[in-house]
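1. return a 3D structure for these sequence lines:
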Amino acid sequence: MRRFLKLQHFIKNWYFPPTKESLLKVFSVSKDTKLAGRDKEDDCDIYRHTHIYESVFGTRRTMSDSSYQQRRNDVEASDSGSGKVDDEDEASSSPFDIYRTKNASVDRLKRWRQAALVLNASRRFRYTLDLKREEEKKQTIRKIRAHAQVIRAAYLFQAAGENVTATQKLPPTPVGDYGIGREELASITRDHDFSSLQQYGGVTGLADMLKTNLEKGIRGDDVDLLNRRNVYGSNTYPRKKRRSFWRFLWEACRDTTLIILMIAAAASLGLGIKTEGIKEGWYDGGSIAIAVIIVIVVTATSDYRQSLQFQTLNEEKQNIHLEVVRGGRRLEVSIFDLVVGDVVTLKIGDQVPADGIFIYGHSLAIDESSMTGESKIVHKDMKAPFLLSGCKVADGYGSMLVTNVGTSTEWGLLMASISEDNGEETPLQVRLNGVATFIGFVGLAVASLVLVVLFVRFFTGHTKNPDGSVQFHAGRTKFSDAIDGAIKIFTVAVTIVVVAVPEGLPLAVTLTLAYSMRKMMADKALVRRLSACETMGSATTICSDKTGTLTLNQMTVVEAYVGGRKIDAPDNSSLFPPEVKSLLIEGIAQNTTGSVFMPEGGGDAEVSGSPTEKAILQWGVNLGMNFDTVRLDSSIIHVFPFNSEKKRGGVALKLPDQGVHIHWKGAAEIVLALCTKYIDSNDGLVPMDDNEVFKNAIEDMAARSLRCVTIAYRSYEMKSIPTNEEELAHWEMPEDDLVLLAIVGLKDPCRPSVKDAIQLCTKAGVKVRMVTGDNIRTAKAIALECGILQSDADATESNIIEGKAFRALSEMQRQEIAEKISVMGRSSPNDKLLLVQALRKKGHVVAVTGDGTNDAPALHEADIGLAMGIQGTEVAKESSDIVILDDNFVSVVKVVQWGRSVYANIQKFVQFGLTVNVAALVINVVAVISSGDVPLNGVQLLWVNLIVDTLGALALATEPPTDHLMHRFPVGRREPLITNIMWRNLLIQALYQVAVVLVLNLEGRSLLYLEHDNITHANKVKNTLIFNAFVLCQIFNEFNARRPNEINVFKEVTRNHLFMGMVGLTLVLQVIMIMFLGKITSTVRLTWKLWLVSIAIAFFSWPLAMIGKLIPVPEMPFSQLLARMLNRRRNFSDVQSRGGTRMQGYIELSNV
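-> Numbering: from 1, shown residues only. Alright, predicted model coming up:
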C-alpha cells in the first residue's frame, strides 16, 4: 500500500503517461535486480509489479520484425523524403506554389495563409486545415491517453498492493436477461482486470452471462439486438452538433468590406431620413443595406448546403463494415450495429471495433498506438486477452467477444471529446488564393485611386448632380449633405473592392469538390482527401492490382494437377486417390481463415472468406468435405498466417494418434520448390527427382490466365515441437521436404468493361500498369486479355518484370526501367512501393491501388492512393486518399474523369470571374479619369458580385464530366492555371464589355436619342441600360465559359439542369430588379426597344467568342514568353554596355 501512496503522489504532481523508468522509480526496484538474497514474498512482489507494468503498457511480447511494423517504418521513412516533388515544393519561392498538399509541412501551410489577402478569414479558411484546432486535438488525445493510462495504473497498483488471496470480488449483478451489468463489464476491460475475468470464469463464463455461444455467436434477431442495446448501449458516440445555418450566417457577416458597407449604409440611412424624411430618405442607405443582406443570406445558404454534403461524406467514411458470427453464420454488419455479446472475427488490417476479450486466434498481434501513443505491437492470447477499440490488427487472425461499446470504451470517449477537422487545403485552392491576392491588391489600388479622384473632384466642386448643379460648394453646402456625398463616394470605392477582390474564387474549389464528391459516391468512389479529387486529374500513370480490380474477384477451381496427372473435372472426387483426397480435405479445412456454414434445414453451403479461400473451400465441399467434422478431427498446434512476402501460409495439426501434419498452401512455383515428393495415383510416395513436369503444368495454367496455388504437406514428430508457450509462439514451422498434394488452377475472369476503360486511359495519356503477386505468366495472360499489353510483341523483358528482379536493381536502374514497365508479376508490397517512388522521381503523377495492410506504404507514398472498398483492409483504407467502393477499375477511370472535371470547372469559373474583375476595374478607372463618375453604383456592383461569386460558381463549377476530357493528355501540376486560351477568351470579352460600357457612358445620351429628354431622366435611362447590358453580358458569357476551347458552347447544355437553373434565376432576378425595384437599384424601367438593345449587346458576345477562338495562341505560357523577352532585352543591353555593336547584340540575342 505504501507504493500505491507513492503512485498517488506521482499522479497528483505529474499528469502525463508514465514511462518504464518512472514506474520503476516508484517501485524503487529494477527489473534487472538479482533475485538472490530475497525471500519468496519479495520475489512474488517484484513479479507482480513487472506483470502490472507489462499489462499497462502491453510489452509482454513485441513483434519488431513483423511485416506490419515494417509498414509503419516505411511510412515514417517516406514522410521524411518522398521524392523530388515535395523537395521542390519546399524550395519554391512563392508561398502559393504548393503542388502536393498531402504531406506539406505546417510552416508551409502557415506561409500561404499569411501571404493571402483575405476579406473574410472564417469563410475563406473554413475548408482548409485548422492548424490551431489540429494542435488542440493532439493535446486532447494526449491528455485522454494519459488519463486512461494513469487511472489504469492506479487500479492495477492498488490491486497489487493488496493481498489478492484474501479479497474476493462480489458476484456480478444481473441486469435484465443478462448476468452482468454494463459498468462491471466496462471495468474489466478498462482496468485490464485479469483476476476478475478469471473469477467470472474467463471468456467462457462471460459469454454465458451475456447469453452468447462462442462458436455460433448471439441469436441476432431484432428482439435480441434491441435488448442488448437497451442494457449495454449502442456502438455510437455523441457527435458534435453540426454547425447551424445561423452560424454560417454569422460567418458571412464577418466579411470586412460588407461590415464597412453596412456601417456606411447605416450612416447614409440616418442622414437621408433626417434630411429628406423616412418616405424618401431611406432609399440610398436602405438599398445598400438590403443588397448586403441579400449577399449575406445567399452566401450563407450556399455554404450551409456545402457543409451538409461534407457531413454526409464524413459519416460514410466512418461507417466501417466487419464480420460477426450470428446464429452460426458469418455476417457483414456496420460498426454502428455492433452489440455487446457479438463474436467478431479479426484478421490482419482490421480495426478492433469495440472493447472485448480474446476468444481464440493464432499469432494475433495488435497495434495499440492509437490508444497508448506507443508504436509497439502487442500479442494477444489467453494470458493477455484484453482488446481495445480503435486499435489495428497487425498480424494473425482470431475472434473476440464484445464487452463494451460506444462511450463505454476509451476510444468512444476519445472520439466524443474531439471534433474531427476534415479541413484540408488543395493545390488548386492555394493557387487560387494566390490569384485572388494578386487581383485583390490591384483592386485595392484601383479603389484607392477612385476614392482619391472622386473626393478631390467632390470637394473642389467638379462633381455635379444629374441636373447639372454642383454638389459641393465650400462654405455653402450643408454639413449633412457633404457627409452624405462623401459616404456615397466611399460606398462606391468599397464596393469596387468587393467586386475586385475575388473572394469567391478559392471557395469555388470547395464548391466544385463538394459537388464532385457527392456525385463520385454514385460512381462508387468515396473521397477521403479533398486534394485527391483534383490531383487525380493530373495522373499520368495508374499502378493497378490484378485480382478484384481488373478481374471480377469471383474465383472457381477449374483445373487440378493431382497424383502426377491433370484432372480437368476437379470436382469429381472419384478421380482422386483416397489418401490424397483425405489429406487435401484436411489441409483445406484447417489451413484457412474462411469458414463453411451448413444451414440446419439443408441447402447449399455458405462459404465465407477471401475470394481465394472461398474458391478452395468450395472445391473442398464439392469433394465431400464436412468442414466442422474435419476441424474437430485434429487440433491446431501452430499457425503461420499467409504472408505477402513469403506468399504462403501454413498450419501444424495434432492428429488423434499423436502424429503431426504440417500443411502449406501458397504461390504455386514457390511452394513447389519446397516439395521433394508427390503422391501418385496409387497413393504411393514418389521422389520428385525432376519437377519440370510440374513446372510445365503451372506454366500451362498460367498461360491460360489461371491463378495457380500449390497445396502440400509433411509429417512431423510431436517430440520435435516446442512445449513451452513462448518457444512455440516463435517456432518456425518446417517448410522443407514437403509432399506435393495438388496444384490447382483458379479462374478469375476479367471484368467485362475493363478493356474499354484501359483503352480510354491510353487515349487520355494515362498509362496503366499491372502490379500483381501472381505468377508472371498469369499476369501476362490477363494483361493481354484486358488490353494492358496489345500483343505478344509487347511482352518484352523491359515491359514485363518480376518483383525480385526489379528490387535487385540499383535506384538509378529502377528509375530507368520504371517507365517501360507494363506488368510486374510476383511482386511484394515493397516492390510496389519501390515502383511508385521510381515513377514519382521521374516526374510522374502516380495513382496506385491496394487492398492489403502491406500496401499501405505504397498508398501513402503515391500522389493518389486508391484503396479497395470490398477487399481492402481498414489499414489500407486509412492510408488511402480515395476508396473504390466496388473494387472495379472502371470506377478508377471515372475518378480520373471527375478529377479532370474538377480542374476544368475551376478554369471555367476563373475565366468567367476574371472577365468580370478585369472589366469592372478598367471601367471604373477609365470612367473616373474621363468623366469623374462611375457608371455602376454600389447596389449594382453588389448584384454583379453576387452573380459572379455565388450564382456563377454554382452554374460553372458543377458541370458534369464529359467524354472530351478523356481525349486530351493530363494537365501538369506545374502548368499555369490560367492558360493562353483562357487569357485570349477573357481579354476579348473584357475589352468588349469595357468598350460598350464606356461608349454608352460617354455618348449614351446621343446614341439613344435622349438629348431632348430631361437630363436627370436621360442619365438614369443611360445608366440603367449600362447596368442591364453589363449584367446580360455576364449571363451570355457564362455560356462562353462552358467550353473555353470549343466553338459550340451550347453542346449538352440542357443536360446540366443546375446551369440552366442558375442562368434562368439570374435572368429573372435581373428583370425584377429593372422593372420593379428601381428605387433600390437607382434604375428606371426600360422600354422593350432598350431591352432589345441590351440583349443585342450581350448576344454579340457569342459570335465574338467564336471568332476569337479562331485566333491561334502560342503553346508557351504568356508568363514564360514575357520572361524570355525580358531576358533577351537584358542580354541585348549587357552586350551594348560592354561596348559591343548593335549587330553583336543581335547575334547574342539570336543565340539566346
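2. mean confidence (pLDDT) on stretch 498-505, please.
-> Mean pLDDT, stretch 498-505: 69.
3. my error: substitute stretch 307-326 in the last question.
-> Stretch 307-326 comes out at a mean pLDDT of 80.
4. same question, stretch 765-779
-> Mean predicted lDDT for stretch 765-779 stands at 92.
5. any idea how far that stretch is from the chain center?
-> Relative to the chain's own centre, stretch 765-779 is displaced by 25 Å; criterion: CA atoms, centre = their mean, to the nearest Å.
6. so where's the stretch 51-200 of the chain uncertain?
-> Applying pLDDT under 70 to the stretch 51-200 of the chain flags residues 51-106, 108-138, 140-170.
7. assign the closest residue to residue 807 other than its chain neighbours to helix, strand or coil.
-> The shortest distance from residue 807 to any non-neighbouring residue, by CB to CB, 6 or more residues apart in numbering, is to residue 831 (5.4 Å). Using the backbone N, CA and C atoms, a C-beta is placed for each residue, glycine as well. Put simply, residue 831 is helix when judged by DSSP: H, G, I helix; E, B strand; the rest coil.
8. can I get stretch 795-813 in PDB, CA atoms only?
-> Output of stretch 795-813 as PDB, limited to C-alpha atoms (Å, rounded to 0.1, in the frame of the first residue of the first chain):
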ATOM      1  CA  ALA A 795       5.600  -8.800 -73.900                       C
ATOM      2  CA  THR A 796       9.300  -8.000 -73.900                       C
ATOM      3  CA  GLU A 797      11.700  -8.100 -71.000                       C
ATOM      4  CA  SER A 798      11.600  -4.400 -70.400                       C
ATOM      5  CA  ASN A 799       7.700  -4.400 -70.400                       C
ATOM      6  CA  ILE A 800       7.300  -7.400 -68.100                       C
ATOM      7  CA  ILE A 801       9.400  -7.900 -65.000                       C
ATOM      8  CA  GLU A 802       9.300 -10.000 -61.800                       C
ATOM      9  CA  GLY A 803       9.300  -8.200 -58.400                       C
ATOM     10  CA  LYS A 804      12.600  -9.800 -57.300                       C
ATOM     11  CA  ALA A 805      14.400  -8.700 -60.400                       C
ATOM     12  CA  PHE A 806      13.100  -5.100 -60.000                       C
ATOM     13  CA  ARG A 807      14.100  -4.900 -56.400                       C
ATOM     14  CA  ALA A 808      17.600  -6.200 -57.200                       C
ATOM     15  CA  LEU A 809      18.300  -3.200 -59.400                       C
ATOM     16  CA  SER A 810      20.000  -0.100 -58.100                       C
ATOM     17  CA  GLU A 811      17.900   3.100 -57.600                       C
ATOM     18  CA  MET A 812      19.100   4.600 -60.800                       C
ATOM     19  CA  GLN A 813      18.400   1.400 -62.800                       C
END
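9. who's in contact with the residue nearest to residue 807?
-> 771, 803, 804, 806, 807, 824 (CB atoms under 8 Å, 6 or more residues apart in numbering).
10. need phi/psi at the first one.
-> So the one you mean is residue 771. The phi/psi pair for residue 771 (degrees, to the nearest 10) reads phi -120, psi 110.
11. which residues touch it?
-> For residue 771, counting by CB under 8 Å, 6+ apart, the contacting residues are 543, 544, 545, 546, 824, 827, 831, 832, 835, 848.
12. looking at those, which are in strands?
-> Counting by DSSP state E, the contacts of residue 771 place 543, 544, 824, 848 in strands.
13. now render those residues as CSV, adding neighbour count and distance to residue 628.
-> Listed next are the ones in strands among the contacts of residue 771 as CSV, based on neighbours: other CB atoms under 10 Å; distance: CB to CB, whole Å:
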residue, neighbour count, distance to residue 628
543, 25, 42
544, 24, 39
824, 25, 41
848, 29, 41
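14. quick one: which of the residues you listed is nearest residue 673?
-> The closest of those to residue 673 turns out to be residue 824 (CB to CB; 20.4 Å).
15. partners of that closest one in the sheet?
-> Per DSSP bridges, the residues bridged to residue 824 are residue 771, residue 801.
16. so who does it touch?
-> 769-772, 779, 800-803, 806, 831-832, 835.
17. grab the nearest non-local neighbour of residue 792.
-> Residue 792 sits nearest to residue 784 (CB to CB, 6+ apart), 7.3 Å away.
18. what's the spacing between the helix or strand containing the one you found and its chain's center?
-> Secondary structure assigned from DSSP states H and E places residue 784 in helix 776-786. The chain centroid and the centroid of helix 776-786 are separated by 31 Å under CA atoms, centre = their mean.
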